[in-house]
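Student: 3D, please:
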Amino acid sequence: MLSFVLYSCDEALKPGTVAVQSPEGTSWGQKLNGNVGRFFSEQIQLEPYAQKVGGSLTTPRFTELAVKGTVQVSGTVREYRQLSSPFVWIQVDFLGKGEPALPASFHYYVPLRQGRFSEQIRLFSGQGAYKVMIRLPGKSKDKYYYPFAAFKVFNQSGSVVRDIAYSVAAMRAGLSVSSPLTGYTVNRESIRLAGRWNQKSGPQKLLIQERKGEKVWKRVIPVKNLRFEESLPLLFGKGIHEFQVMVPDEQREGYYIDGATFYVNNTSEQERMPVQYTDLYQKRGIRLTSPLAGGHEVGTSIRVSGRIDPDGEYARQTDHLIVQTTKGKVKATYFIPVKGYRFDSRIWMRFGPGKYWVTVYVPEVTKEKRDFFRFYTVANLQVESRSRADLRDLLPSRGVESNHPAIRELARKITAGKTTDKEKAKAVYRYVAQNMEYDMEKFRRNTFAWDDSALKAMRTKKGVCQDFAFLSIALLRSMEIPARFVEGEAGGQRHAWVEARIGGDWLIMDPTWGSGYITTEGRFVKKYDPSYFNPSPQTFARTHKRNGVLY
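Tutor: Numbering: from 1, shown residues only. Got it, this is the predicted structure:
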């Protein structure tokens, strides 16, 4: 609490001034019609080194003053060409009791241009007393800084606003952070980092370090066209996180030094786990915007979204990504389309509640035609699903868009008038077997496309066994009939068919074999065969060998 005392007979007071009693008991003088005042004290005396290099301080003029939030510091140095560095060092120390997680000192490195320097100093801890010390670099190769001048200032504003702190190395390299706007901000779970780095040679990347207490996380981010932008997770729960944007050390390859520092107060209680990135994440130009971290709870799905840098390796040829979820010994694979170098899909936690590893892959880019896919890890994280049930045989899956309106509408049409799940399953079997044409060319090439799916099969009305299975499963699941994709062997080659859960039992159906047969001359003959709907397991096993289920 400040007390205001009017003086009527003090030669040090000029007309129209008020003396303000500080909490420390020191009198502060302030003009009534302005925000900036001064103590009734002596003018600032420059240190001997300042006089030696022809220094002068333009503002402030007195050793003690009162302000609201900021104070302008400016001056000149006549012999500036003799100095070893083009930066004036201004140190600001808060003399009161501030936020324990924030430093009580702040350092400005102010450019010395044509012998002049000027900086608006922000009093970063709100109301209270501060000491400001100005230092100049030594002459020639002397790397030390020497006292120039000092003064005290009392901040009358209670606002806590902090600048982003830049090191000398950052100033030399032209590093500037445009987001966040200030050195202290309040956010929840993440913070957007953006800025500019005017370094045109050397490694085009920066190192980001996040710290809260003893917990530290580091990540390298790219710089493109002198700019950088990244969303950063607040990993360590509620409280103040320190972020350092570090620049490459010009003297030591692979090392980084202090650049810019800012602080973020996270309002979320939840602690997160870092995403594990591989080298390919940078090489292929992948940028995940969701999720930014792991270790958190999700429902029955998680959003995977982001973009691909057009200059990344194989960026133009990367038309999809692969996401795999693993819970214990079971896993599911999903293909995510990339359009306009962007991707955004929901991935299902289909195996019920518990911990899942979510792995993001990029496909191998090759012109070779083959019957398998090869892909490589770019990111890996863990989440915990709070889903109440195991829905592995009901949720959409790779190639099975059972939640798509077109699939639902087709299922409604072909099962019209059917009342039991078994009748509906048989109607699905009949429709797929009678309406799908077996694609002999695809069979002979033995090649598959990443976007093979139920929707594609419904549109083209042709395909091989996996396409027959995709469409059948999608139609069944759209009606809440559990169904699964079975891989195995039949007729001396790889094959796929369907199992549907009806009345508590798994019913077998092979719509591909129910559609017709291939002659010895390699021609497909269309002939509907109802016997491959719900055959006895013993009979089916004579021609089919079951290897397992794919999700």
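Student: now the strands for the stretch 201-350 of the chain?
Tutor: Using DSSP state E, counting those that start in this stretch, the strands found in the stretch 201-350 of the chain span residues 205-212, 215-222, 227-233, 239-248, 256-266, 273-274, 276-277, 286-290, 293-294, 297-298, 301-308, 320-327, 330-337, 342-348.
Student: turn these into JSON lines, columns for mean neighbour count.
Tutor: (Glycine included, C-beta is placed from N, CA and C.) Below are the strands of the stretch 201-350 of the chain laid out as JSON lines (neighbours: other C-beta atoms under 10 Å):
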{"stretch": "strand 205-212", "mean neighbour count": "19"}
{"stretch": "strand 215-222", "mean neighbour count": "15"}
{"stretch": "strand 227-233", "mean neighbour count": "18"}
{"stretch": "strand 239-248", "mean neighbour count": "21"}
{"stretch": "strand 256-266", "mean neighbour count": "21"}
{"stretch": "strand 273-274", "mean neighbour count": "16"}
{"stretch": "strand 276-277", "mean neighbour count": "16"}
{"stretch": "strand 286-290", "mean neighbour count": "18"}
{"stretch": "strand 293-294", "mean neighbour count": "22"}
{"stretch": "strand 297-298", "mean neighbour count": "14"}
{"stretch": "strand 301-308", "mean neighbour count": "18"}
{"stretch": "strand 320-327", "mean neighbour count": "20"}
{"stretch": "strand 330-337", "mean neighbour count": "18"}
{"stretch": "strand 342-348", "mean neighbour count": "18"}
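Student: quick check, Phe351 in contact with Arg392.
Tutor: Yes - using C-beta atoms under 8 Å, Phe351 makes contact with Arg392 at a distance of 5.4 Å.
Student: the two: who's more crowded?
Tutor: Applying other C-beta atoms under 10 Å to Phe351 and Arg392 shows that Phe351 carries more neighbours, namely 22 against 19.
Student: tell me the gap between stretch 500-520 and the middle of its chain.
Tutor: 45 Å (C-alpha atoms, centre = their mean, to the nearest Å).
Student: start and end of that stretch, how far apart?
Tutor: 32 Å (C-alpha to C-alpha, to the nearest Å).
Student: list the buried residues of that stretch.
Tutor: Residues 500-502, 507-516 are the ones in stretch 500-520 that count as buried (16 or more other C-beta atoms under 10 Å).
Student: overlap in contacts, Phe351 and Arg392.
Tutor: 330, 332 (C-beta atoms under 8 Å, 6 or more residues apart in numbering).
Student: can you name the residues in contact with stretch 497-510?
Tutor: Under C-beta under 8 Å, 6+ apart, the answer for stretch 497-510 is 393, 421-422, 425, 429, 465, 469, 472-473, 476, 481-486, 488, 490, 511-513, 532-535, 537, 540, 544, 549.
Student: stretch 407-419 too?
Tutor: With contacts defined as C-beta under 8 Å, 6+ apart, stretch 407-419 is touched by 401, 423-424, 427-428, 431, 454-455, 458, 474-476, 478-479.
Student: so for the residue lying closest to Ser397 once chain neighbours are set aside, what's the pLDDT?
Tutor: Setting aside the residues directly before and after it, Ser397 is nearest to Tyr551 in space (C-beta to C-beta, 6 or more residues apart in numbering), at 5.2 Å. pLDDT, Tyr551: 95.
Student: Tyr551 contacts Tyr334, doesn't it?
Tutor: No - using C-beta under 8 Å, Tyr551 is not in contact with Tyr334, being 9.1 Å away.
Student: just to revisit the earlier point, can you select the buried ones from the contacts of stretch 497-510 in PyMOL?
Tutor: Selecting only the buried entries of these in PyMOL, with 16+ other C-beta under 10 Å as the criterion:
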select buried, resi 393+421+422+425+429+465+469+472+473+476+481+482+483+484+485+486+490+511+512+513+532+533+534+535+540+544
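Student: mind checking which of the contacts of stretch 497-510 land in strands?
Tutor: 483-486, 488, 490, 544, 549 (DSSP state E).
Student: show me what contacts Pro530?
Tutor: 429-430, 514.
Student: residues contacting stretch 51-61, please?
Tutor: Here stretch 51-61 has contacts from 38, 43-44, 46, 49-50, 71-80, 82-83, 134, 136, 139, 148-149, 151, 153, using C-beta under 8 Å, 6+ apart.
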